[in-house]
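generate coordinates for the sequence data below:
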Amino acid sequence: MSEIIVDLDEARRDLAAVFRWIAREAMHEGIANHFSFAVSDDGQQFLMNPYGVHFSRMKASDLVLLDARKTPDDYGENIDPTAWWIHGAMHRNNPQARCIIHLHSKYATALSALKDPSLPAVDQTTCRFHNRVAIDTGFDGMGLDDEAERLSQCLGNKRMMMMGNHGFMSVGETPALAFDLAYHYERGCRTYITALSTGAPLSFLPDSVAEKTARQWEQYENAAEKHLAAIRSILDDDAPDYRH
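Residues are numbered from 1 along each chain as shown. Below is the predicted model of the structure:
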């Protein structure tokens, strides 16, 4: 495996920008939920948000450098125990999952509460996730200890995991990709839940069209990086302290 080179300062700024934008999109849950980014080749060392800092106030310097081989007790009250267990297990067991975004956003969480929490292809955005989401329906508490280990085994080779009765998780090689997936997944869930709420019959796209469209999404070169760059440009103008 080739060495993974991470610009730690830029990684911190990217993550801080994502936290700020998630808050602006009202996809956050106050000081709950967690994002992490592995900065070592083996994925064991990772940045994560500290416990108690609101997403709308997150700064690059706030992010804490953690080691998945340690325990929550090594970091004290600065780290949310559920965050430690879930993200620590994910990074230990899925080194390919470099950046992990876990959210309880409104529409995705509503979908997670349905008997069938899968997101069908009903429009261009939902097509992006066709056959690309791991579905977990074994919720067994807040993600501590054994539950965290169990969740870490559910991802497989997917970039998305719907966490039944809980929320969802997106993973990517970069904060830009993990964020772009999370952003569009929530929008896809919003479209689907809104369409369901009308009570009218839904128009489901055939598998062939959904797969074709999903592949077209994957061929959009640098789209995620351009998305985050555009967000950082806005924040550079009106909330530049995120960089500090």
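
work out for me the element His130 sits within.
Under DSSP states H and E, no helix or strand contains His130.

doesn't Val209 make contact with it?
No. Counting by Cβ atoms under 8 Å, Val209 is not a contact partner of His130; they are 9.1 Å apart. In short, each C-beta sits where N, CA and C put it, glycine included.

which residues of the chain fall in strands?
When assigned using DSSP state E, the strands of the chain occupy the ranges 34-38, 45-48, 64-67, 99-103, 133-136, 160-163, 167-172.

closest one to Glu25 among these?
strand 99-103 (10.2 Å; Cβ to Cβ).

list the residues that contact the closest residue in space to Asp136 that isn't next to it in sequence.
Setting aside the residues directly before and after it, Asp136 is nearest to Cys154 in space (Cβ to Cβ, 6 or more residues apart in numbering), at 4.5 Å. Applying Cβ atoms under 8 Å, 6 or more residues apart in numbering to Cys154 gives the contacts Ala134, Asp136, Gly138, Met161.

what's the answer for Val39, then?
Val6, Leu8, Ala11, Gln45, Phe46, Leu47, Leu65.

repeat the analysis, applying 6 Å as the threshold.
Val6, Gln45 (Cβ atoms under 6 Å, 6 or more residues apart in numbering).

if we can go back for a sec, can I get the contacts of Cys154 in TSV with distance to Thr71, pLDDT and neighbour count?
Formatted as TSV, these follow (distance: Cβ to Cβ, whole Å; pLDDT from 0 to 100; neighbours: other Cβ atoms under 10 Å):
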residue	distance to Thr71	pLDDT	neighbour count
Ala134	27	97	18
Asp136	24	94	20
Gly138	24	88	11
Met161	24	97	25
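
now render the residues you listed as JSON lines, adding distance to Ser40.
Shown next, in JSON lines, are these (distance: Cβ to Cβ, whole Å):
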{"residue": "Ala134", "distance to Ser40": "24"}
{"residue": "Asp136", "distance to Ser40": "27"}
{"residue": "Gly138", "distance to Ser40": "30"}
{"residue": "Met161", "distance to Ser40": "23"}
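
between those, which is closest to His102?
Met161 (9.1 Å).

what about dumping the CA coordinates of stretch 123-137 to CSV?
Provided in CSV are the C-alpha atoms of stretch 123-137 (Å, rounded to 0.1, in the frame of the first residue of the first chain):
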residue,chain,number,x,y,z
ASP,A,123,-35.3,10.8,-8.7
GLN,A,124,-31.8,11.7,-9.9
THR,A,125,-30.4,12.2,-6.4
THR,A,126,-31.8,9.0,-4.8
CYS,A,127,-30.3,7.1,-7.8
ARG,A,128,-26.9,8.0,-6.5
PHE,A,129,-27.3,5.6,-3.7
HIS,A,130,-28.9,2.7,-5.7
ASN,A,131,-27.5,-0.6,-4.2
ARG,A,132,-24.8,1.5,-2.5
VAL,A,133,-26.1,1.6,1.1
ALA,A,134,-25.5,-0.9,3.8
ILE,A,135,-28.6,-1.4,5.8
ASP,A,136,-28.4,-2.1,9.6
THR,A,137,-31.6,-3.0,11.4
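
and it, how far out from the chain's middle?
14 Å (Cα atoms, centre = their mean, to the nearest Å).

now stretch 203-216
23 Å.

quick one: buried residues of that stretch?
Leu205, Ala210, Glu211, Thr213, Ala214 (16 or more other Cβ atoms under 10 Å).

skipping adjacent residues, who's closest to the last one in space?
Here the nearest residue to Ala214 in space, its sequence neighbours aside, is His130; by Cβ to Cβ, 6+ apart that works out to 4.6 Å.

again, but for the fourth one
Leaving aside its chain neighbours, Thr213 sits nearest to Cys127 (3.7 Å; criterion: Cβ to Cβ, 6+ apart).
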